[in-house]
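Asks: kindly return the folded structure for what I paste below:
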Amino acid sequence: MLAIIGGTGLTTMAGLDVIKRHSAETPLGAASASVVHGTYEGYDILFLARHGHPYKLPPHRINYRANLWALKQAGATRVVGVNAVGGIDPSLSPGALVVPDQIIDYTVGRECTYFDGRFKPLKHIDFSWPYTSSLCSELLSAGEKAGEILEKGGVYGCTQGPRLETAAEIARMARDGCHLVGMTGMPEASLARELEIDYACLALVVNPAAGVTNREISLTEIDAVISSGIERIKRVIGAMLG
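Replies: As a prediction, this is how the structure comes out:
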């Protein structure tokens, strides 16, 4: 079953006819919110609000392990993580929708594995290609079907948050090869891999990253882009299900 992890601006799924709400409790603590099982445009789907509902959890305090575990328990076999991001590549202006194909993890101190020697025995996973290519292709095809342009590929740089980055940090990330910057892409993607869940990211660019333009970042403008972008994301999800 397909599951959607909603990020900033997507704490509920309007149009979702709820069948069941699964408990947020897991062996790893509480997930951000209950997993909602419902039908969307006639198709079964699972939904989880990454930051909780109401919106309350900063990126570094999200229990990513519990979130993915709760989705697995509810029957998720495929997950699309929706992320609001900054555009490091100047060609990615606010409103762009991107399906990245790589990640660089700049986070620190997050519980990032099930195979920690305590919850599960130590085990290594291949993470050369962090996103499931077939699921990424489905997203891109859904974008075409929905009449939305989705940018194919790119490197998502995941920072600690909750503050935005400095211009110097963004310049460093650009040198590292990052095209996007966000705060919640990891360890979500690697945990999905550990649970053998297909995973892809649908990223909405909400602002040029620090220093990419000469303007200061406007949180009001970010909110406006999120508001309009979420409706486009929902159209893509609907086309993906159909």
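Asks: helix/strand/coil for the nearest residue to A96 once chain neighbours are set aside?
Replies: Among residues not flanking A96 along the chain, V205 sits closest, at 4.2 Å (Cβ to Cβ, 6 or more residues apart in numbering). To be clear about C-beta, it is placed using only N, CA and C from the backbone, and glycine gets the same treatment. Classification of V205 into helix, strand or coil gives strand, according to DSSP: H, G, I helix; E, B strand; the rest coil.
Asks: give the partner strands of the lowest-mean-pLDDT helix or strand in the chain in its sheet and their orientations.
Replies: Sorting the helices and strands of the chain by mean pLDDT, DSSP states H and E puts strand 16-22 at the bottom, at a mean of 88. Strand 16-22 has the following strand partners under DSSP bridges: strand 35-40 (antiparallel).
Asks: which residues touch the strand it pairs with?
Replies: 3, 13, 15-22, 24, 44-48, 70-71, 73-75, 237-238, 241 (Cβ atoms under 8 Å, 6 or more residues apart in numbering).
Asks: if I look at P100, how far off is E216?
Replies: Using Cβ to Cβ, to the nearest Å, we find P100 at a distance of 26 Å from E216.
Asks: of those two, which one has the most company?
Replies: Counting neighbours by other Cβ atoms under 10 Å for P100 and for E216 shows that P100 has the greater number, 27 against 7.
Asks: so who does that one touch?
Replies: Contacts of P100 were listed using Cβ under 8 Å, 6+ apart, and they are 131, 153-156, 179-180, 201, 203.
Asks: could you redo the last one with a cut-off of 10 Å?
Replies: Each residue near P100 by Cβ atoms under 10 Å, 6 or more residues apart in numbering is listed here: 83, 85, 130-131, 136, 151-157, 178-180, 182, 185, 189, 200-203.
Asks: what about the longest helix in the protein?
Replies: Among the segments of the chain that qualify as a helix by DSSP state H, the longest is helix 219-241.
Asks: show me what counts as buried in that helix.
Replies: By 16 or more other Cβ atoms under 10 Å, the buried positions in helix 219-241 come out as 222, 225-226, 229-230, 232-240.
Asks: and the residue lying farthest from the centre of the chain, helix, strand or coil?
Replies: Distance to the chain centre peaks in the chain at N214, reaching 27.9 Å (criterion: Cα atoms, centre = their mean). The assignment at N214 comes out as coil when based on three-state DSSP.
Asks: so what's it scoring on pLDDT?
Replies: What the model reports as pLDDT for N214 is 86.
Asks: next structured bit after the least confident helix or strand of the chain?
Replies: Moving toward the C-terminus from strand 16-22, the first helix or strand encountered (DSSP states H and E) is strand 25-26.
Asks: that following strand - contacts with which helices or strands?
Replies: In this structure, strand 25-26 makes packing contacts with helix 64-73, judged by 3 or more Cβ pairs under 10 Å, 6 or more residues apart in numbering; DSSP states H and E.
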